[in-house]
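**Student:** Have a look at this fold, sequence not included:
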């Protein structure tokens, strides 16, 4: 585990090199982070560790999650830091925040797509009501400087195949009479609630729309294409792809993801919305082939597995706005991101990787 933690620490240091001045407004601040035990929250804590230990930021973070305390025990290198406080709780019942909090990152949500059909009402309630609760709690504070609301790139609906990227003004179709849109609609509603808070109380809300990510701390039990492909490769293959593999996505490495969120917390303009993710497209077949290059023997790739007539689709963000306004950039290429992720999992585990099971994520 020590080598795996060292790998992450090196990546956290690298993404912050030459960029800490842009985060200076956060020095000495107390940040409240909801949903802080997923991939984003863990990387935000890794970056905070570097900022505090090597750049004297003196940040304090309160992490609120269903499993905050057990997470702190599992990862003592960040869980036992004096600057981190841990609160177990359900975001749907949150009523107050620590009085000295000035910066808030709301990332708590149910994001496991297996729950979108099996427990859609829980998804809608957590993502919608949970956002309302934390907005109301934030409004009780005396001097909130920034509230970063994590939405989703799925709020755009279907991206036209001929459109290479979608920017913050795009609005595609979402069918509200289909249960599998519960997640996207709940995130849309969360954004609307953020706009209500801006209108009614002038709360400085910045909305981020994340796309797809990869990196250490990302569970291989999550049912995403990249985690499926990596898990199947660890198990010797084959990698199974529904359809012909031409579906297009993009992937950003977790250290870049966390830094972009911190940049939005420090310098994002209230009332604005920003895409967060990689603008570099990759089709699923190419993604699978890149992943298999890091394994020996090379796992087999099978296409057209499972449901017949699987539609091709595209989901790739335009990121010019956030790069120009906040001065961020992507520092880790897709190939390097995959290589580092696979190496981290090699260091953390041995033997077959369990198949995913549905659960409530944090």
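**Tutor:** It's in. If you're wondering where the values come from, they're calculated on a predicted model, not measured in any experiment. Numbering: from 1, shown residues only.
**Student:** Just the buried residues of stretch 164-183, please?
**Tutor:** 165, 166, 168, 170, 181, 182, 183 (16 or more other CB atoms under 10 Å). All C-beta spots, glycine's among them, are computed from the backbone N, C-alpha and C.
**Student:** Listing request: residues of the stretch 101-250 of the chain with sub-threshold pLDDT.
**Tutor:** 112-117 (pLDDT under 70).
**Student:** now the helices for it?
**Tutor:** With DSSP state H, counting those that start in this stretch, the ranges of helices along the stretch 101-250 of the chain come out as 114-118, 120-139, 182-201, 225-234.
**Student:** about what we covered before: so which of the buried residues of stretch 164-183 belong to strands?
**Tutor:** Nothing among the buried residues of stretch 164-183 maps onto strands, per DSSP state E.
**Student:** nearest to residue 261, of those?
**Tutor:** residue 168 (16.1 Å; CB to CB).
**Student:** Neighbours of the closest residue to that closest one other than its chain neighbours, how many?
**Tutor:** Distances taken as CB to CB, 6 or more residues apart in numbering place residue 273 nearest to residue 168, at 5.0 Å, with adjacent residues excluded. By the criterion of other CB atoms under 10 Å, residue 273 has 21 neighbours.
**Student:** do residue 280 as well
**Tutor:** Per other CB under 10 Å, the neighbour tally for residue 280 reads 14.
**Student:** Now it. Nearest residue, chain neighbours left out?
**Tutor:** Computed as CB to CB, 6+ apart, the closest residue to residue 280 that is not its neighbour in sequence is residue 250, at 5.6 Å.
**Student:** can you check residue 49 too?
**Tutor:** Residue 49 sits nearest to residue 78 (CB to CB, 6+ apart), 5.8 Å away.
**Student:** Could I get the average pLDDT for stretch 85-94?
**Tutor:** Mean per-residue pLDDT for stretch 85-94: 96.
**Student:** got the buried residues for that stretch?
**Tutor:** Per 16+ other CB under 10 Å, stretch 85-94 contains these buried residues: 85, 86, 87, 91, 92, 94.
**Student:** cool, stretch 268-281 as well?
**Tutor:** 268, 272, 273, 274, 275, 276, 277, 278, 279, 281.
**Student:** Next: stretch 205-223.
**Tutor:** 205-222.
**Student:** tally of neighbours for residue 349?
**Tutor:** 12.
**Student:** right, I mislabeled it, should have said residue 162
**Tutor:** Neighbours around residue 162, by other CB under 10 Å: 6.
**Student:** my guess is residue 255 is in a strand, correct?
**Tutor:** No - Residue 255 is assigned helix when assessed by DSSP: H, G, I helix; E, B strand; the rest coil, not a strand.
**Student:** Among the buried residues of stretch 85-94, which lie within strands?
**Tutor:** Per DSSP E, the subset of those in strands is 85, 86, 87.
**Student:** Which pair of the buried residues of stretch 164-183 spans the longest distance?
**Tutor:** Every pair of the buried residues of stretch 164-183 checked by CB to CB; the farthest is 165 and 182, at 25.8 Å.
**Student:** Would you mind measuring from residue 96 to residue 295?
**Tutor:** 49 Å (CB to CB, to the nearest Å).
**Student:** These two: which is more packed in?
**Tutor:** Taking other CB under 10 Å, residue 96 and residue 295 do not tie; residue 295 has more neighbours (16 against 12).
**Student:** Which pLDDT value does the model give the residue lying farthest from the centre of the chain?
**Tutor:** Distance from the C-alpha centroid of the chain, by CA atoms, centre = their mean, peaks at residue 297 (31.5 Å). Per-residue confidence for residue 297 comes out at a pLDDT of 96.
**Student:** what would the buried residues of stretch 164-183 look like in TSV with distance to residue 338?
**Tutor:** Listed next are the buried residues of stretch 164-183 as TSV, based on distance: CB to CB, whole Å:
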residue	distance to residue 338
165	21
166	24
168	28
170	28
181	30
182	30
183	26
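**Student:** and which of those is nearest residue 38?
**Tutor:** Using CB to CB, residue 183 comes nearest to residue 38 of these, at 14.9 Å.
**Student:** do you know how far that closest one is from residue 111?
**Tutor:** Residue 183 is 7 Å from residue 111, by CB to CB.
**Student:** Now do the shared contacts for the two.
**Tutor:** Counting by CB atoms under 8 Å, 6 or more residues apart in numbering, the shared contacts of residue 183 and residue 111 are residue 152.
**Student:** so is residue 259 in a helix, a strand, or just coil?
**Tutor:** helix.
**Student:** Not including adjacent chain positions, what is the nearest residue to it?
**Tutor:** Spatial nearest neighbour of residue 259, chain neighbours left out: residue 15 (4.9 Å); criterion: CB to CB, 6+ apart.
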